[in-house]
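**Student:** Provided below are the primary sequence and the corresponding predicted coordinates.
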Amino acid sequence: MTEKEKVAKGLIYNPNCDAVLQEEMKQARIKTYEYNLLSPEKEDEKKSLLKGLLGKVGENYTFISPFYCDYGYNIEIGENFFANMNFVVLDGAKVQIGDNVFIAPNVGIYTAGHPLDAKQRREGLEYAKPVTIGNDVWIGANVTILPGVTIGDNSVIGAGSVVTKDIPANSLAVGNPCRVIRQIGNEAE
């Protein structure tokens, strides 16, 4: 079984000894480097680069430079997506982001993690678990989203939060670790 097949099955894998994964990460770094160097005036070129990098994008989306990812093809975003500067996605596993999602500056979404066992870490082993973000979600500045997390529709994650567990729909959640502090209704805020 290849390392890429192990990733797809949710198994521990070693990306450092797999030529295919290394080349795919290199190509993503090249594309994000080119993207990040383009002037904001080159909007069509920037969108073209992202369409060639990401697995799926809606018609209306904005990424403010810089943006970084591991592979790109595991990232799927919906319509009316906005990501502010310093958006980092370690997408060893699938990252699915719904429609009308706003990402503030310095947000990191990490599907990758490493074993607790020191020997396995020294060997370069890691795992990847998918991250899902629903529709109409707002992720505040400096938020960290860890492997395997799902954030439900209409939720807001407060600035500086570290999301370690699923957040249900219609929730205002904050903190380290991130916790739901209340449900969000239809009230204007």
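**Tutor:** Great, that's in hand.
**Student:** what helices and strands are in contact with the top helix by length along the chain?
**Tutor:** For the chain, the longest helix by residue count, based on DSSP state H, is helix 19-37. Packing partners of helix 19-37 (3 or more CB pairs under 8 Å, 6 or more residues apart in numbering; DSSP states H and E): helix 3-8, helix 43-53, strand 67-69. C-beta: built from backbone N, CA, C; applies to glycine.
**Student:** deepest in the core, which of these is it.
**Tutor:** Burial among those, expressed as mean neighbours by mean count of other CB atoms under 10 Å, is greatest for strand 67-69, which shows a mean of 20.
**Student:** distance between it and the chain's centre?
**Tutor:** Between the mean C-alpha point of strand 67-69 and the mean C-alpha point of its chain there is a distance of 9 Å (CA atoms, centre = their mean, to the nearest Å).
**Student:** what mean pLDDT would you report for the helix or strand that that strand is followed by?
**Tutor:** Proceeding N to C from strand 67-69, the next assigned helix or strand is strand 75-77, under DSSP states H and E. If you average the pLDDT over strand 75-77, you get 98.
**Student:** helix or strand next in line after strand 75-77, which one?
**Tutor:** With elements assigned by DSSP H and E, the helix or strand that comes after strand 75-77 is strand 81-83.
**Student:** what residues sit buried inside that following strand?
**Tutor:** Of the residues in strand 81-83, those buried by neighbour count under the rule 16 or more other CB atoms under 10 Å are F81, F82, A83.
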